[in-house]
Structure formats: C-alpha cells, structure tokens
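Q: return atomic coordinates for the entry below.
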Amino acid sequence: FARLEEQSTMSSGGIDYSKWDNLSVSDDSSAAGDDYNDDSYDDDQQYHEGDDIVSSLQQQSTVADNDASSTSGDYSPAEIALLKKGIAYEKEQDSNDDNDIDWLLVGPLKNIRVHPNDKSTSMYSSIIYTEDPNTYIPDRSEYIDDRVQKWGIEPPSSQEGGSSGDGLLDFMSRMMMSSSTSSMEYYKHNLENPELQFIDSLIERRSKYNNSDEITAAMKFTYVVRIELCECEKDVWRRVRVPSGIGLSIFHDQVICPVMGWARGYHGYAYEDPRDGTVIGPAKNSAYIDTMHVPMHYKKVMDDKGCPLAALLIKKGDIAYYNYDLGDGWMHRLVLEDIVAEEDSVTLMAGEGACPPEDSNGLDSKGCGAYADFLKAYKRNPKKMKMKEAVKEASRSINYSKPWAGGPPIPFKPLEFNIGYHRMLLTLMLAGPALKTKKGNFAMPDGKYKESMKGCDNCGNRLKPLSKCTGCRKVSYCSRECQLQAWKLHRSECKKHSDKKAKTKK
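A: Predicted coordinates:
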C-alpha cells in the first residue's frame, strides 16, 4: 500500500498546549431571504433528494460488504477497512478481554483501539488515524471565518449545514454509524468508539489548559461581553459586564438566560471554541431532552463544571459561540469587547430586540435563519395577517406565556427590548440559587430542579467555579488564595475529617 502523505495541521491561530503538557488535571469535584414564506420551496424535491442520499449510503455499504467478502478470510472487517485506507495498525497482544478479542491499535501512538468487527471503521475521520491527539492542532485557515468546529476532526467540507449536499450526506452517514451494532461492541467492553477515544484525549489535554496558570491569571478581571444572535446580529444583542472567572454553567443559567429572555432549565446548551473546535456543555446532565443531538452535532461535549469564561475568551477581540437548544440551534456569538478591573457583580449594560420564542413557535422553520426571515418580513409589514398570527403564536411559547419570575404572560414584541425588566430578571437570578442538575422538564407540570446556594467557604463568591479541599472534601473554594486564607481556621477540621476517612478505609 502507498505510504500516506503527511499532512501539516499546525496553525498560528490555535491554542499552544505544549506549555501545559506536564500539568495535572484539576476537576471541580476533586481538586482545589426577503420573503418570509417562500412558496417556491419544493417539499417533494427535498424528499427525493433525501431518498437519493439514503440510496447513495446503501450503495456504499453494499460495495464495502462485497469487497470485504472477496478478501481473505484471515482479515476481520475492521482490518480490511484499514488496509483499503492504507492505515497502519497493530494487534493488541496479551489482551485481558474475556472473549480474547484482538483489538486493533491505530494512530501514531497506537493508543486508539478499534474493534475487529467494527464495520464503521472506514467512516471514521482520517484524523484519528494520522494525528497524535496530544499535539494535534487544527488548521483554522481551512475553515470559514477561521471557526474550527467539532473538535477539528472533520474536514470543513463535511460540516452539515454547508452549501453542498456532501454535508448532509456525511451527517446521515454518522447517524447510521452511531446507531450501528458496531457501537454496541465497544459498549460491551466499557469503551467508546475510536473517534470518541480520540476526543477523550483532546478533552484531557484541554483540561490541563483550562487549569493552567495563564487561565488562573485571566480570571482576575471583569469582561465586557457582547452577546449577539447569529444572523440577527443588528436586531438581537445584549452587552454585559461579568467577572472573567464566572463558571460557564453559571454564565448560562444566571446571566445569558435572563438577559436574553430564554426559559430557565428548559433546553440544553453548548459553548464552542473556534480556536480548536472544543465543545463544552453540561456533559453530566442528560436530563435536557435536546442533548440527544450531541452525538450528531458535536460527537461529544466536555463537561462545563469547573470551566471559567476566561478559558474561552482571554484577550480583547476574542470570539466564542454559545448554542442554545441543540434541536433548534439558537447560535449566539460571544465577543470580548473590553477587559476592566475585577468586579464581583454582573451588569446588563445595553441591548436590542426581543428574545426569539422557545421551540421556534410562530416561525416557518427552526432557529436563527428562520427568525432572521421573520424579522425582515415583520419590518416590512407588521400588520399583515400572517405576521399577526406569527406574533400571537410566538406569545404562546414558554418564555413568554410562563415567565420564570412569575406574573402574567408577556406579549411578544419582536423589535422591543425592555432593559428594566431584564435587569430585574438578572438581579433575581443572581440572588437566588444556581441550577445544578435538571430533573424532568420545565415545561412539564412535575418539572423540578436541583438548586444550590453553595459559594466559596472563604469569600462567599457563587459565580466562580468551586474546588473542594482535597483533604476533607467538606469545604470548597473559588481560588487558591481563598484556600490559603482559610487554612488557619480549617486546618484542624480538615485533619480531623482526613483521619476519620483514613480509619474508615482501613
């Protein structure tokens, strides 16, 4: 087989992780268009295009199976796929597996395990076979607006939502792959598929960066951040002042939701870092029903517990993305406009435009593009019957019909922004408990939250990520400085709990 051509993926715009390779990972739980209604759209045409794509996938599968059957029986399906792609592999020796499976080891370090019967082997990203996850840096110049997506392991041409049909084809391919019997083979052995194994290494590496001295130093300022709805940037935006060290889960629950106008605890979310494609969100909270879209859109998310805003935005002009409702896809752009002296408070400075209706109620389609079309049509003729009906339906959405702060329903007024009302929501949210784990669904009568008023045991700060004392695990601090300040008083209590824990283990 021909030798694979080496590809260089280094880019000056990415994150330099090399400085953090020797750092230990700190975990929060264990360490300190013009026409609104385009009648020309042909649903039947879309249906037949979908049929063509499915047919193409079936043909690809048939060809692959026929090729495999004509190859020597000495090779497993995964080996055949790897050989056809020219990918070098090794068989794992002295496996402890009860079924004595000869796992295939791939990648430069041979640290990615492939099940020999994995028929999806040829569909995984070539990146996982050719790149070392400990040094891999995506080339931002290959992406639109230098925005790396999905961990940078898929080429830009395969991103769904693109202009070509290849994106949709790839998206459906991955849907078939994620639901295939091959996934079950990994599950049986407490493993994830090869792509997720690669991403796990990226997550471990990113955790080191998030807990580095550089990020710790960046957490001691206040950020001025513009939050704007993509494709509606001039019509829907907010400007806030927030501590740079605010945890991303807190930023979602107690800042973005109230200032934008989204319902609390109703949909999931994800933050995207365009520098390297890292995706951060509530990985350990699967109660949000729309997290079912994570494997298709992102493959996997890194848990946002313990991750500060400063890990996404660190210098003036930096941009990150926040996706609310992974089904409808309300993408927001976060722009770091200014960095000022540290403040403990959060302030809503300005804003324009109403928050879109939850579940895209009243819109012809889902998400930002549909809302942009609606606003164009509404500005042209707000009194048109279709517009009136759309506004009426939007007012029935949960973020308008059932305000989080209580009181009567709020009418949906697309071009208006009541800054006083949203400042009141922000104040109430910050004064109350933070959403920890979601149980049920806010839209359901039995919807309940697990909330917490927990703050730093030294200074009381409830905005920054907290780390537990590694000795007793009974108290939590927002910084190393707070831990040192409290140590005199906490020392004896910590020793008592540590000794008790040691005796219990014996």
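
Q: from Cys459, how far off is Ser476?
A: 11 Å (Cβ to Cβ, to the nearest Å). Where C-beta positions appear, they are placed from N, C-alpha and C, glycine not excepted.

Q: which one's more surrounded, these two?
A: Legend: neighbour count by other Cβ atoms under 10 Å for Ser476 and Cys459, higher for Ser476 (20 against 16).

Q: what sits against the more buried one?
A: Contact analysis of Ser476 by Cβ atoms under 8 Å, 6 or more residues apart in numbering lists Lys454, Cys456, Asp457, Leu466, Ser467, Lys468, Cys469.

Q: going along the chain, name the helices of the stretch 51-200 of the chain.
A: With DSSP state H, counting those that start in this stretch as the criterion, the stretch 51-200 of the chain has helices at 77-85, 127-130, 165-178, 181-188, 194-210.

Q: list just the one of those that sits closest to Pro108.
A: Proximity to Pro108 (Cβ to Cβ) singles out helix 127-130 among the helices of the stretch 51-200 of the chain, at 7.4 Å.

Q: how about the CA coordinates for stretch 415-428, as PDB?
A: Extracted C-alpha coordinates of stretch 415-428, given in PDB (Å, rounded to 0.1, in the frame of the first residue of the first chain):
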ATOM      1  CA  LEU A 415     -38.400  44.800  17.900                       C
ATOM      2  CA  GLU A 416     -38.600  45.900  21.500                       C
ATOM      3  CA  PHE A 417     -36.200  45.300  24.400                       C
ATOM      4  CA  ASN A 418     -37.300  46.100  28.000                       C
ATOM      5  CA  ILE A 419     -34.000  46.600  29.600                       C
ATOM      6  CA  GLY A 420     -35.600  47.300  33.000                       C
ATOM      7  CA  TYR A 421     -37.500  44.000  33.000                       C
ATOM      8  CA  HIS A 422     -34.400  42.000  32.000                       C
ATOM      9  CA  ARG A 423     -32.300  43.800  34.700                       C
ATOM     10  CA  MET A 424     -34.900  42.700  37.200                       C
ATOM     11  CA  LEU A 425     -34.700  39.100  36.000                       C
ATOM     12  CA  LEU A 426     -30.900  39.200  36.200                       C
ATOM     13  CA  THR A 427     -31.000  40.500  39.800                       C
ATOM     14  CA  LEU A 428     -33.400  37.900  40.900                       C
END
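
Q: may I see the buried residues of that stretch?
A: Neighbour counts over stretch 415-428 (16 or more other Cβ atoms under 10 Å) mark Phe417, His422, Arg423, Leu425, Leu426 as buried.

Q: also stretch 385-403?
A: Going by neighbour count (16+ other Cβ under 10 Å), the buried part of stretch 385-403 is 387, 390-391, 394-403.

Q: coming back round to it: the helices of the stretch 51-200 of the chain: which one's closest to Asn323?
A: helix 165-178 (16.0 Å).

Q: and the contacts of Ser476, which are buried?
A: Buried members of the contacts of Ser476, counted by 16+ other Cβ under 10 Å: Cys456, Asp457, Leu466, Ser467, Lys468, Cys469.

Q: grab the nearest non-local neighbour of the second one.
A: What it means is Asp457. Of all residues not flanking Asp457 in the chain, Val475 sits nearest, at 4.2 Å (Cβ to Cβ, 6 or more residues apart in numbering).

Q: contacts only, for that neighbour.
A: With contacts defined as Cβ under 8 Å, 6+ apart, Val475 is in contact with Asp457, Lys468, Cys469, Ala486, His490, Cys494.

Q: again, only this time at 7 Å
A: Counting by Cβ atoms under 7 Å, 6 or more residues apart in numbering, Val475 makes contact with Asp457, Cys469, His490.

Q: ok, the second one touching Cys494?
A: Yep, that's Cys469 we're talking about. Yes - if you go by Cβ atoms under 7 Å, Cys469 and Cys494 touch, sitting 6.1 Å apart.

Q: got the CA coordinates for the strand with the most length in the chain in PDB?
A: Looking across the chain with DSSP state E, the single longest strand is strand 330-341. Extracted in PDB, the C-alpha atoms of strand 330-341 (Å, rounded to 0.1, in the frame of the first residue of the first chain):
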ATOM      1  CA  TRP A 330     -30.100  29.200  18.500                       C
ATOM      2  CA  MET A 331     -26.400  30.100  17.900                       C
ATOM      3  CA  HIS A 332     -25.100  33.200  19.800                       C
ATOM      4  CA  ARG A 333     -21.700  34.900  19.200                       C
ATOM      5  CA  LEU A 334     -19.800  36.000  22.300                       C
ATOM      6  CA  VAL A 335     -17.400  38.900  21.700                       C
ATOM      7  CA  LEU A 336     -15.000  40.100  24.300                       C
ATOM      8  CA  GLU A 337     -15.200  43.800  23.800                       C
ATOM      9  CA  ASP A 338     -13.200  45.100  26.800                       C
ATOM     10  CA  ILE A 339     -11.300  43.900  29.900                       C
ATOM     11  CA  VAL A 340     -11.500  46.100  33.000                       C
ATOM     12  CA  ALA A 341     -10.700  45.900  36.700                       C
END
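
Q: tell me the helix or strand right after that strand.
A: Scanning forward in sequence from strand 330-341 by DSSP states H and E, the next helix or strand is strand 347-352.

Q: mind checking which of the contacts of Val475 land in helices?
A: Judged by DSSP state H, the contacts of Val475 include His490 as members of helices.

Q: quick one: which of the contacts of Val475 is nearest Asn111?
A: Asn111 lies nearest to Cys469 out of the contacts of Val475, by Cβ to Cβ, at 33.6 Å.

Q: contacts only, for the closest one.
A: Applying Cβ under 7 Å, 6+ apart, one finds that Cys469 lies in contact with Val475, Cys494.

Q: again with Lys110
A: Glu90.

Q: where does the stretch 251-400 of the chain have low pLDDT?
A: Along the stretch 251-400 of the chain, the model assigns pLDDT under 70 to residues 285-286.

Q: for it, what spans make up the helices?
A: Using DSSP H, counting those that start in this stretch, the helices of the stretch 251-400 of the chain run over residues 257-260, 294-297, 367-380, 385-394, 398-401.

Q: the stretch 401-506 of the chain too?
A: Counting by DSSP H, counting those that start in this stretch, residue ranges of the helices within the stretch 401-506 of the chain are 419-431, 480-505.

Q: for those helices, which one ends up most surrounded?
A: Compared across the helices of the stretch 401-506 of the chain, helix 419-431 shows the largest average neighbour count, a mean of 16 (mean count of other Cβ atoms under 10 Å).

Q: who are the packing partners of it?
A: Other helices and strands packing on helix 419-431, by 3 or more Cβ pairs under 7 Å, 6 or more residues apart in numbering; DSSP states H and E, are helix 257-260, strand 347-352.
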